[in-house]
Structures are given as structure tokens and as C-alpha cells.
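[1] Just need the structure, nothing else, for what follows:
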Amino acid sequence: MVERAQASSSLSRLSASAGDLQASPGRRIRVLGVPLDMGASRRGVDMGPSALRVAGLEARLEALGHHVTDGGNIRVEVAETRASGSKNAHYLTEIAETCARTAEAVLASLEAGEMPLVLGGDHSLAAGSISGVAEYYRSRGEKIGLIWIDAHSDINTPDTSPSGNVHGMPLAALMGLGPEPLANLFGFSPKISAENTVLLGVRTIDSAERANIRRAGIAHVFTMRDIDERGMRAVMEEALRAAGRGTAGYHVSLDLDWIDPEDAPGVGTPVRGGATYREAHLAMEILADHGRLLSFEIVEVNPILDEHNRTADLAVELACSAFGKKIL
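    Numbering: from 1, shown residues only. Now for the predicted structure:
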């Protein structure tokens with residue numbers, strides 16, 4: 001019993017020591033929920049922000065020494081109350097309105113000295129969140145990089161989309177390819193330079209999207225084969241160099257379908273062969289090591305498709321790793 005108590009005491013001291021290391025330096029973080037599900041064909045992703053909150057996001061970040069404020073949810077229209085609009089871009093007007101509100105909220109957070117942590121919702125919201133970050137730094141004569149972590153490239157336009165789902169278009173909007181209501185938020189386009197845009201972990205790309213990637217001039221595209229062959233560390237280090245070159249830092253857009261469905265089943269468009277649990281954490285830990293994260297978002301968590309909220313719980317774990325949690 002004494003030995004067990006001594007071991008427990010030693011572990012407690014070690015845990016406290018690790019916690020002290022993780023807690024410094026603390027950031028001021030503002031959580032913004034965007035319960036948007038109009039961009040996807042499978043409903044339920046609007047409950048993603050709630051699932052992430054239930055998984056203890058705020059408390060777990062504050063345990064690392066950060067000061068977290070929950071800014072609540074951005075107002076989103078209810079799909080059933082609106083006409084779906086064009087078959088090539090469903091609910092585009094409503095999505096653009098939501099993205100405009102998201103962009104303003106992100107901009108206000110940065111102006112208040114707080115880092116935005118955006119919770120989705122489907123990936124179409126990124127056209128708004130990233131526009132807000134880009135506008136903040138543009139007004140200061142700086143530009144930002146983008147690390148798009150996703151199984152998909154999301155660079156279709158209404159002219160090329162096979163489904164008309166806008167969650168497959170936000171990167172196209174950010175790169176200035178359209179659709180216009182998303183591309184021209186704040187009156188400038190593109191939001192990110194092609195040389196500072198990185199796709200990481202993609203493994204399913206439409207033929208038209210391949211053409212759009214070339215058209216946009218994005219050179220830094222790391223597929224899952226690159227990660228398989230080179231390892232996560234080498235790929236992540238190169239990605240961060242590309243996104244950080246000549247920029248104030250970078251926004252990270254994390255779609256949970258990047259992770260293999262075995263570990264993240266609660267997503268609307270699962271694709272086999274994704275990042276493993278440890279690969280995902282390693283990527284976030286390397287991101288934290290570099291210390292140039294400007295803003296972060298987690299999207300496409302769908303509680304209806306999840307198992308006991310474990311995808312949301314994993315998403316919160318990954319956010320903690322990105323914000324400095326260490327194993328030791």
C-alpha cells in the first residue's frame with residue numbers, strides 16, 4: 001500500500017510538472033460555433049459545435065493554461081425554411097450570408113487580441129473564417145498562409161461540382177475561382193497566395209479539381225501517399241515552411257474526415273486510408289512546436305453518424321495537441 005501511494009505521489013508530481021510545461025505560454029482563445037449544414041448533403045453536422053463543447057473543449061484548453069472565451073454560435077438559417085436555389089450550388093445565398101457573419105466575428109476576435117477557434121459545421125464555413133483572418137492581416141500589410149488538412153481538396157466551383165454541395169467549394173472561393181458571393185467577401189480576392197497554400201493528406205480528388213488546383217497555381221499538395229512514403233514529420237515540416245514563408249503565420253483548417261474512419265467515424269464523407277490516431281496527433285504537435293498558428297478550425301464532425309461522441313472527443317484531443325499539450 002505504501003509503495004502504491006508513493007508511486008501515485010510520484011505520478012501526481014510528474015503530471016503537475018507536465019501540466020506546468022504545457023501551460024506556458026497561454027493564449028487568449030475565442031471559440032466560435034458555426035452550426036452550418038447547408039453545404040453538405042448529409043444532415044447532422046450542424047450539431048458538431050455542440051458535440052465539441054460537450055467533449056470538454058473549453059476546460060481542456062484552460063487546463064493547458066489558455067484563457068478561453070466562448071463567443072457562442074454564429075446565426076445560421078434553417079434549411080427547411082429556405083429554397084435550395086441553384087442545382088449547381090445549393091443554398092449559396094444562405095451560406096454566403098453565414099460566411100459573411102463568420103468572417104466579421106473572426107475579424108472582431110483578432111482585433112480584440114483573441115485567437116479564433118472555429119467549430120463547424122460543414123467545410124463551406126471556411127470561406128468565411130479564413131476571409132476574416134486574411135482581412136485582419138491584410139489591413140496590417142501582411143498575408144497569411146493556409147494549411148488545408150482534409151481527405152478532399154474542396155476546390156470545385158459551381159461549374160465543376162458533380163453534386164452542387166458548397167462544402168466542396170470553399171478552397172476554390174478562397175483562391176479566387178468562385179463562386180463569387182464567397183470569393184469576394186471583404187471585396188478582395190484571392191484571400192491566400194497559392195505559394196502559401198498547402199493541401200495535406202488528400203486522398204480523393206475529382207478530375208475537375210485536379211485542373212482547378214493547377215489553375216489556382218497550388219504547388220504544395222501532399223497526398224496520403226506522400227505521408228506513407230516520407231512520414232508525417234517530413235511532410236508536416238515542409239508544409240509549415242511553405243505556409244509560413246513570407247507570412248504572419250497560418251490558419252489551419254482541419255476536416256475530421258482526414259483521419260481514417262476507424263478512428264473518426266462521425267463524419268459525413270468518410271474515406272478509407274486516412275491518417276492514423278498517432279499521425280494526426282504528431283501533425284498537431286509539430287504545429288504547436290513551430291508556434292506560428294494564427295487561427296484554427298475544426299469542421300465536419302457529425303454526431304448523428306458518430307459512436308458515443310468519440311469523433312468529437314478526438315477532435316478536442318487534436319485541438320489540445322495543436323495548442324501545446326505534450327505527452328511529457
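[2] Can you tell me what sits against stretch 205-216?
    Stretch 205-216 is contacted from outside by 152-153, 155-157, 160-162, 172, 175-177, 190, 194, 197, 199, 221, using CB atoms under 8 Å, 6 or more residues apart in numbering. The way it works is simple: take the backbone N, C-alpha and C, and place the C-beta from them, glycine included.
[3] What ranges in the stretch 201-328 of the chain fall below the confidence cut-off?
    Filtered on pLDDT under 70, the stretch 201-328 of the chain yields no residues whatsoever.
[4] The stretch 201-328 of the chain: helices as residue ranges?
    Using DSSP state H, counting those that start in this stretch, the helices of the stretch 201-328 of the chain run over 207-216, 224-230, 232-244, 277-290, 310-322.
[5] Name the stretch among those that sits most buried.
    Highest mean neighbour count among the helices of the stretch 201-328 of the chain (mean count of other CB atoms under 10 Å): helix 310-322, with a mean of 23.
[6] quick revisit: of the contacts of stretch 205-216, which qualify as buried by neighbour count?
    Among the contacts of stretch 205-216, those classed as buried by neighbour count (16 or more other CB atoms under 10 Å) are 152-153, 155-157, 160-161, 172, 175-177, 190, 197, 199, 221.
[7] still on that earlier bit, could the helices of the stretch 201-328 of the chain be laid out in TSV, adding distance to residue 268?
    TSV is the format used below for the helices of the stretch 201-328 of the chain (distance: least, CB to CB, whole Å):
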stretch	distance to residue 268
helix 207-216	18
helix 224-230	19
helix 232-244	25
helix 277-290	18
helix 310-322	11
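[8] and residue 261, what does it touch?
    Neighbouring residues of residue 261 by CB under 8 Å, 6+ apart: 267, 270, 271, 272, 274.
[9] oh, I was asking about residue 36
    Contact criterion CB under 8 Å, 6+ apart gives 45, 46, 74, 76, 95, 98, 120, 121, 122, 124, 125 as the residues in contact with residue 36.
[10] Can you flag which of the residues you listed belong to helices?
    Taking DSSP state H as the definition of helices, the contacts of residue 36 contribute 95, 98.
[11] tell me the two of the contacts of residue 36 that are most distant?
    Maximum pairwise distance among those (CB to CB): 14.2 Å, between 45 and 74.
[12] So between those two, which is more surrounded?
    Set side by side, residue 45 and residue 74 show unequal neighbour counts under other CB atoms under 10 Å, the larger going to residue 45 at 29 against 26.
[13] surely the more buried one meets residue 38?
    No - the pair residue 45 / residue 38 is not scored as a contact, 9.8 Å apart, by CB atoms under 8 Å.
[14] Quick check: neighbours shared by these two?
    A shared contact of residue 45 and residue 38, defined by CB under 8 Å, 6+ apart, is any residue touching both; here these are residue 122.
[15] Could you pull out the strands in this protein for me?
    Applying DSSP state E to the chain gives strands spanning 28-34, 67-73, 115-120, 145-149, 197-202, 220-223, 250-255, 293-299.
[16] In a markdown table: those, plus distance to residue 310.
    Written out in a markdown table, the entries for the strands of the chain read as follows (distance: least, CB to CB, whole Å):
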| stretch | distance to residue 310 |
| --- | --- |
| strand 28-34 | 20 |
| strand 67-73 | 22 |
| strand 115-120 | 17 |
| strand 145-149 | 19 |
| strand 197-202 | 20 |
| strand 220-223 | 26 |
| strand 250-255 | 16 |
| strand 293-299 | 14 |
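[17] right, so of these, which gets closest to residue 91?
    strand 28-34 (14.1 Å).
[18] Contacts for the closest one next, please.
    With contact meaning CB under 8 Å, 6+ apart, strand 28-34 is reached by 49-50, 53, 57-58, 61, 66-74, 76, 98, 102, 105-106, 109, 112-121, 125, 128-129, 323.
[19] Among the contacts of stretch 205-216, which lie within helices?
    Using DSSP H to define helices, the subset of the contacts of stretch 205-216 located there is residue 172.
[20] follow-up on the earlier one: now the buried members of the contacts of residue 36.
    Taking 16+ other CB under 10 Å as the criterion, what is buried in these is 45, 46, 74, 76, 95, 98, 120, 121, 122, 124, 125.
[21] and which of those is nearest to residue 311?
    Using CB to CB, the shortest approach to residue 311 within the buried ones among the contacts of residue 36 belongs to residue 45, at 11.1 Å.
[22] Great, nothing more from me.
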